[in-house]
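1. When you get a sec, could you give me coordinates for this:
(one chain, ligands or ions: 2)
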Amino acid sequence: MATAVICAVSVLVIACPCALGLATPTAITVGIGKAAEHHILIKDATALERICKATDIVLDKTGTITEGKPIVVSAKISADATDEDLGVMLAAEKQSEHPLAGVLVASLEDRGITPSNTDKFAAIVGKGVEAHHNGQLYWVGSELMAHERNVKNSDIKANAHGGTTIYFGCGNRLLAVFVLADMVKETSAPAIASLKRLGLRVYMLTGDNNASAARVAEEVGATGFKAEMLPADKEKYILDMQHRGRIVAMAGDGINDSPALSAADIGIAINSGAAIAREIADVTIKADSLEELVALKAIANSLQKRVHANYRFVLTFNSALIALGALGILQPASSAMLHNLSTIGISLKSMTNLLPENRAPQLKA
Ligand code: ADP
Ligand code: MG
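-> Ligands and ions are numbered 1, 2, ... in the order given. Next up, the predicted model:
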């Protein structure tokens with residue numbers, strides 16, 4: 001009878017999986033800390049688990065793959081356009097939060113244009129902006145917007161530079177055409193190559209025109225791309241992928257990316273982008289590099305490996321102790337000591353670096 005009680009005590013002492021209760025949150029905390037060292041802010045720890053399972057990553061173009069700080073490479077101003085008209089464009093762009101607006105403002109100011117009086121300013125997400133002046137509706141935006149405002153087809157020409165073309169008009173009168181060239185971030189192509197090596201398919205979505213999108217997608221080696229996407233199109237693209245069983249991460253910076261960021265399994269916002277994108281996203285990364293996405297994926301993968309290894313160890317070790325306890329080979333005091341030592345050991349192991357330094361160059365490759 002006494003032996004049976006001793007065996008039962010030995011088994012009960014070991015049966016509590018304390019090691020897992022401590023080691024898993026410790027490993028997750030280390031993962032979040034390691035991510036912070038790489039300028040990645042994780043708002044939701046479960047995102048680390050989802051990013052590990054992700055099969056595809058969708059990236060926005062302007063401000064995510066590119067710098068979002070373009071230069072004006074050509075400006076064709078119609079003979080009909082007065083300085084007052086251009087002043088309307090200046091006033092409208094001054095109110096826009098779009099990454100392209102600043103360079104258009106600077107270009108107009110360099111020409112000595114001053115803002116005209118405007119009212120009823122409106123940002124048309126994914127297309128451009130509009131404002132009223134002297135009762136007339138002026139607009140600035142993409143090719144899609146120019147088509148919608150019934151600008152003559154012969155005036156809407158694909159530009160030879162493969163850059164972003166911005167049209168400015170009043171009603172169906174085209175007043176100016178600007179071509180902007182946005183530099184691809186230095187880190188975009190290597191980071192996309194690393195993401196592909198880590199097993200992800202990388203797609204680029206943009207509200208920009210097809211020629212500009214094709215040039216950037218080719219330069220960075222994206223698996224595929226889609227141009228002239230409005231915010232709802234970006235969201236639908238993600239939902240369609242999920243429908244086909246894919247687990248999708250999405251990284252973007254703009255208001256136009258917000259529906260897609262919220263639809264994605266993992267939403268990743270660029271720090272310098274729109275506040276709403278940061279609000280919705282599970283993860284925020286620094287603006288100037290896509291390499292953080294590679295670090296994020298590598299950290300998530302290591303974390304999952306560690307948690308699984310912990311599970312396997314605890315299960316095997318505790319099962320062995322339970323068997324020894326049940327057979328009466330191990331006394332309660334020894335089993336308690338072994339059990340607690342394994343808990344301390346595995347928790348300490350979970351605190352070690354998730355991305356050892358010798359693996360860092362892999363990220364940069
Ligand atoms: P992306 O998806 O690449 O981040 P957006 O959806 O933000 O691009 O913008 C799509 C397009 O709409 C731009 O390429 C530009 O042609 C036009 N656009 C948006 N906002 C503005 C603005 N404030 N001024 C001029 N054009 C704009
Ligand atoms: Mg953008």
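2. ok, now which ones touch residue 290?
-> Counting by CB atoms under 8 Å, 6 or more residues apart in numbering, residue 290 touches 59, 64, 65, 185, 187, 188, 191, 192, 251. For every residue, glycine as well, the C-beta is placed using N, CA and C.
3. Among those residues, which one sits closest to ligand 2?
-> The nearest member of the contacts of residue 290 to ligand 2, counting by CB to the ion, is residue 64 at 5.8 Å.
4. quick one: that closest one from residue 269, how far?
-> 10 Å (CB to CB, to the nearest Å).
5. Give me the secondary structure label for the residue positioned nearest the centre of the chain.
-> Nearest to the geometric centre of the chain sits residue 251, at 1.8 Å (CA atoms, centre = their mean). Classification of residue 251 using DSSP: H, G, I helix; E, B strand; the rest coil returns strand.
6. what does the stretch 101-250 of the chain have sitting close to ligand 1?
-> Residues of the stretch 101-250 of the chain lying near ligand 1 by CB under 6 Å from any ligand atom: 101, 126-129, 140-142, 164, 166, 206-208.
7. out of the residues you listed, who's nearest ligand 1?
-> residue 207 (2.4 Å; CB to the nearest ligand atom).
8. mind listing what's buried in the longest strand seen in the chain?
-> Identified as the longest strand of the chain according to DSSP state E is strand 173-181. Neighbour counts over strand 173-181 (16 or more other CB atoms under 10 Å) mark 173, 174, 175, 176, 177, 178, 179, 180, 181 as buried.
9. rewinding a little: which residues does the residue nearest to the centre of the chain contact?
-> 57, 58, 59, 60, 64, 268, 269, 270, 285, 290, 293.
10. Now do the SS call for the second one.
-> Right, the one you point to is residue 58. Residue 58 ends up strand, using three-state DSSP.
11. That one and residue 237 touch, don't they?
-> Yes - counting by CB atoms under 8 Å, residue 58 does reach residue 237; the two are 7.1 Å apart.
12. of the two, who's got more company?
-> For residue 58 and residue 237, the more surrounded residue by other CB atoms under 10 Å is residue 58, and the numbers stand at 29 against 19.
13. Beta-bridge partners for that one, please?
-> residue 203, residue 250 (DSSP bridges).
14. Just the pLDDT for it.
-> Looking at residue 58, its pLDDT stands at 97.
15. can you tell me how far it sits from residue 101?
-> Taking CB to CB, one finds residue 58 at 24 Å from residue 101.
16. just for the stretch 101-250 of the chain, where's the confidence low?
-> 158-161 (pLDDT under 70).
17. where does the residue nearest to residue 287 when sequence neighbours are not counted land in three-state SS?
-> Spatial nearest neighbour of residue 287, excluding adjacent residues (CB to CB, 6 or more residues apart in numbering): residue 272 at 3.9 Å. Under three-state DSSP, the three-state class of residue 272 is coil.
18. With residue 69 instead?
-> Residue 69 ends up coil, using three-state DSSP.
19. Phi first, then psi, for it.
-> phi -130, psi 70 (degrees, to the nearest 10).
20. the strands in the stretch 1-150 of the chain, which residues?
-> Secondary structure of the stretch 1-150 of the chain, counting by DSSP state E, counting those that start in this stretch: strands at 40-42, 56-60, 71-77, 119-124, 128-133, 136-141.
21. just these: most buried one?
-> Scoring these by mean neighbour count under mean count of other CB atoms under 10 Å gives strand 56-60 as the most buried, with a mean of 27.
22. Please give the centre-to-centre distance between it and its chain.
-> When distances are taken as CA atoms, centre = their mean, to the nearest Å, strand 56-60 is centred 7 Å away from the chain's centroid.
23. next one: stretch 273-282
-> With CA atoms, centre = their mean, you get 10 Å for stretch 273-282.
24. re earlier: using the three-state scheme, assign the nearest residue to the residue nearest to the centre of the chain once chain neighbours are set aside.
-> Distances taken as CB to CB, 6+ apart put residue 268 closest to residue 251, at 4.0 Å, once the chain neighbours are dropped. For residue 268, the assignment made with three-state DSSP gives strand.
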